[in-house]
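A.B. asks: Give the three-dimensional model of this entry:
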Amino acid sequence: MRTRTVRRVGLSVAVAAALTSVAACGGSDDKGSDNRGGAAVKADPIAALRDVQKKTGGESSAKVEGTTQMGTTMSMKQSGTIDWTDGLTGTMEITYTGGTMADAMKQNGGTGTMQARYFKDGYAVNMGEAFAKQAGGKHWINYGYADLAKLAGASGEAMKQQMQNTTPDQGLKSLLASGDVKRVGQEDVRGVSATHYSGTVDVAALTAKNSELDADQLAQLKKQLSDVGITTEKIDIWVDKNDLLVKKTERGQMKTGELNSTVYYSDYGTKISVEKPSAGDTVDFTDLVKQQQGSGAGTN
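C.D. replies: Residues are numbered from 1 along each chain as shown. Predicted coordinates:
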């Protein structure tokens, strides 16, 4: 019994960390665009991106679609809708296609696909039938941001801040803060003519600029970034004629391999409604942790 509990907790912790990176990403081409690139007429790329940041950041919601690879840990594809009006809300379907995350899910009897629902104060994940058989028939794990912050220290607080402040223009803010931006040219993005911009970002430095953590938490977070081997990342964005972000890619090198993310955004302003899973079908992440701690003296 102890082995099953430990496996459940280990997988649920991995899912919590993975879904942070998923929510920070998104994707699909903007259907309101035509074959002209609005930001392309601006000679100064910094000025152009400020307009894009203002327009994209002023939107409230969008459809998203993309793929993410984080070294040997995981590779995944995701799609759904997000609203960032007041914290992050929305629904995403995630499929783990490779890496240790996919292996762990298979070992626990999962299919590799799950649904995540994001709310202002946390998110819930449907872990599937195999998990439910080990969790009293409950399919969902509920993660509260406040609880994650308490349990994970600086990294949990950073997760909380990231999840509650996620908007599609985060990559734009990073590029603007770096000052390293160039206009590449006009390119086709899923049938839409878009202006391509590119730049390199010092990840650790930007964390320091944008973080609301105290000095000790910030030092711990910088160490964690250094531990995984990321020092810089290359960000590319594509913008339609309406100054709206339609595609974003991020590239960086981790100790476990390459960080590689591609995200598409579409249907800005789409209406989103998210319902919390029923309490009877949900187990709280903190309860799983307590079960693991309580079974520490048990036997397999």
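A.B. asks: Any buried residues in stretch 113-130, and which?
C.D. replies: For stretch 113-130, the neighbour count (16 or more other C-beta atoms under 10 Å) marks 114-119, 122-128, 130 as buried. Every C-beta, even on glycine, is put in place using the N, C-alpha and C of the backbone.
A.B. asks: next one: it to chain centre, how far?
C.D. replies: 13 Å (C-alpha atoms, centre = their mean, to the nearest Å).
A.B. asks: now the end-to-end length of it.
C.D. replies: Start to finish, the residues bounding stretch 113-130 are 12 Å apart (C-alpha to C-alpha, to the nearest Å).
A.B. asks: Let me have the buried residues of stretch 113-130 in JSON lines, extended by secondary structure.
C.D. replies: Formatted as JSON lines, the buried residues of stretch 113-130 follow (DSSP: H, G, I helix; E, B strand; the rest coil):
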{"residue": "M114", "secondary structure": "strand"}
{"residue": "Q115", "secondary structure": "strand"}
{"residue": "A116", "secondary structure": "strand"}
{"residue": "R117", "secondary structure": "strand"}
{"residue": "Y118", "secondary structure": "strand"}
{"residue": "F119", "secondary structure": "strand"}
{"residue": "G122", "secondary structure": "strand"}
{"residue": "Y123", "secondary structure": "strand"}
{"residue": "A124", "secondary structure": "strand"}
{"residue": "V125", "secondary structure": "strand"}
{"residue": "N126", "secondary structure": "strand"}
{"residue": "M127", "secondary structure": "coil"}
{"residue": "G128", "secondary structure": "coil"}
{"residue": "A130", "secondary structure": "helix"}
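A.B. asks: export those residues to CSV and tack on pLDDT and distance to Q78?
C.D. replies: As requested, these are exported to CSV (pLDDT from 0 to 100; distance: C-beta to C-beta, whole Å):
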residue, pLDDT, distance to Q78
M114, 89, 10
Q115, 92, 10
A116, 91, 9
R117, 94, 13
Y118, 91, 12
F119, 91, 17
G122, 88, 18
Y123, 90, 13
A124, 93, 16
V125, 91, 12
N126, 93, 14
M127, 88, 16
G128, 89, 16
A130, 87, 21
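A.B. asks: partners of the helix or strand hosting K63 in the sheet?
C.D. replies: Secondary structure assignment for K63, by DSSP states H and E: strand 61-70. Partners of strand 61-70 in the sheet, by DSSP bridges, are strand 74-83 (antiparallel), strand 257-266 (antiparallel).
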